[in-house]
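Chemist: with the input below, show me the fold.
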Amino acid sequence: MKRGNGPGINLSSFTIIILTLVLGAALTFTSETFLSVNNIVSILYGVSINFWGTIGFVYLMIMGELDLSVGSVYAMSGMMVGLLMKNHWPLLPALIIALSASAAVGLVNGFLVVRFKVPSMMITLGTMASVRGLANLLCTWLYGYPYPPAYEALARQRIGGIHLTTLVMIAAVIVLEILLKKGAVFKQMYYVGENIETARIYGIKAGRQKIVIFTLMSLLAGIGGILVGSRLRFADSTIGNGLEFTILTAVVLGGASLSGGKGSILRAVVGLIFLATITTGMIVHNIEPLIQQLIVGVILIITVFIDTRMGKVGAAFGHFPNLRSVRAGSGGLS
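Modeler: The predicted structure follows:
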């Protein structure tokens, strides 16, 4: 079974990295403010918050699944912490409750997808709407209420002028990328995405893995939402709107496939940086929002086309791993 992210020469792996560097260089020459320390720190700060939802999204896409409820979970988790603290809950218990609620959304998503074999896009569209409704309700209860200083401080910690969230992201990307390439459990996700029936023949518990990853997806989205709430300092009903599109675009730009079997944490984060750089560049050059959407769409189409064409060249040098080397025990939910 061929694994799309396996060892070997893959020219498409470098596409998004090269494009991001070229875009950054172009903006540096056309704007005096783009390469300023404050601007770079600001871009990485925003990416480091969206990064949390991106981790789970990469894992799901590797397994051939999607979660469109990520933006709604972002909104719900942050405002749930704010509401609990408004009612005199300490920060730590409020965080635990909000993250537990977030994880429960993912658990429901995963169970329904696996148990009833319903496409994940349809299931998560439903949870996206219902969780968004809950988030809007929380927002009405929090209207005009500023979050306590303890909550505001969560996402604002700095070390040497760099946000702690950025440093955590850098460390996490290194560790998670190594695990994706070397960890037996993580390798199994690629095999499930490539061919779930063949993976089951070799004892991989695909169903159980999907439920775990859906739960992890929402838990990580909850962390991102809490950081967003801390950054904004107040409730906002628009938090997370369209976030699933942004993350999906970044992950695809990073080489993932909607059909599964491909994906990289590192390149997905570079995809986030690429999109953030585009947005910042258009703001610097005073481009109207409607035109911004058009430009982003055109760039996405071109990038995906190039990535697909180069991927076909790299496939000629691909590697065919031995599935038995990551064989799991039989039995359990599959």
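Chemist: what are the boundaries of the helices in the stretch 201-334 of the chain?
Modeler: 206-232, 243-253, 265-284, 289-315 (DSSP state H, counting those that start in this stretch).
Chemist: okay, angle between the first one and helix 243-253 too, please.
Modeler: The one in question is helix 206-232. Here helix 206-232 runs at 120 degrees with respect to helix 243-253, directions being taken by axes from the mean of the first three to the mean of the last three CA atoms, to 10 degrees.
Chemist: list the helices and strands helix 206-232 packs on?
Modeler: helix 37-62, helix 70-86, helix 91-116, helix 149-152, helix 184-194, helix 196-201 (3 or more CB pairs under 8 Å, 6 or more residues apart in numbering; DSSP states H and E). C-beta coordinates here come from the backbone N, C-alpha and C atoms, glycine included.
Chemist: nearest to residue 265 among those helices would be which one?
Modeler: With CB to CB as the criterion, residue 265 lies closest to helix 37-62 of the helices and strands packed on helix 206-232, at 5.6 Å.
Chemist: helices and strands around the closest one, which ones?
Modeler: helix 70-86, strand 162-163, helix 164-182, helix 184-194, helix 206-232, helix 243-253, helix 265-284.
Chemist: separation between the residue nearest the centre of the chain and residue 92?
Modeler: Central residue of the chain (CA atoms, centre = their mean): residue 54, 1.0 Å from the mean position. Per CB to CB, to the nearest Å, residue 54 is found 26 Å from residue 92.
Chemist: pLDDT score for residue 310?
Modeler: Residue 310 is assigned 56 on the pLDDT scale.
Chemist: repeat that for residue 35.
Modeler: As predicted, residue 35 sits at a pLDDT of 86.
Chemist: surely it and residue 28 touch.
Modeler: Yes. Using CB atoms under 8 Å, residue 35 makes contact with residue 28 at a distance of 4.7 Å.
Chemist: for the stretch 201-334 of the chain, which spans come out with low pLDDT?
Modeler: 299-300, 302-334 (pLDDT under 70).
Chemist: pull the number of nearby residues for the nearest residue to residue 152 once chain neighbours are set aside.
Modeler: Excluding its sequence neighbours, the residue lying closest to residue 152 (CB to CB, 6 or more residues apart in numbering) is residue 233, at 5.2 Å. Per other CB atoms under 10 Å, the neighbour tally for residue 233 reads 16.
Chemist: on that earlier part again, winner for burial among the helices and strands packed on helix 206-232?
Modeler: Most buried of the helices and strands packed on helix 206-232, by mean neighbour count (mean count of other CB atoms under 10 Å): helix 70-86, with a mean of 28.
Chemist: in CSV, could you pull the C-alpha coordinates for it?
Modeler: C-alpha atoms of helix 70-86 as CSV (Å, rounded to 0.1, in the frame of the first residue of the first chain):
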residue,chain,number,x,y,z
VAL,A,70,-14.1,23.5,14.3
GLY,A,71,-15.1,27.2,14.1
SER,A,72,-18.2,26.7,16.2
VAL,A,73,-16.2,24.8,18.9
TYR,A,74,-13.7,27.7,18.9
ALA,A,75,-16.5,30.1,19.7
MET,A,76,-18.2,27.9,22.3
SER,A,77,-15.1,27.0,24.4
GLY,A,78,-13.8,30.5,24.8
MET,A,79,-17.2,32.0,25.8
MET,A,80,-17.9,29.1,28.1
VAL,A,81,-14.8,29.9,30.1
GLY,A,82,-15.9,33.6,30.2
LEU,A,83,-19.4,32.7,31.4
LEU,A,84,-18.2,30.4,34.1
MET,A,85,-15.7,33.0,35.4
LYS,A,86,-18.5,35.6,35.3
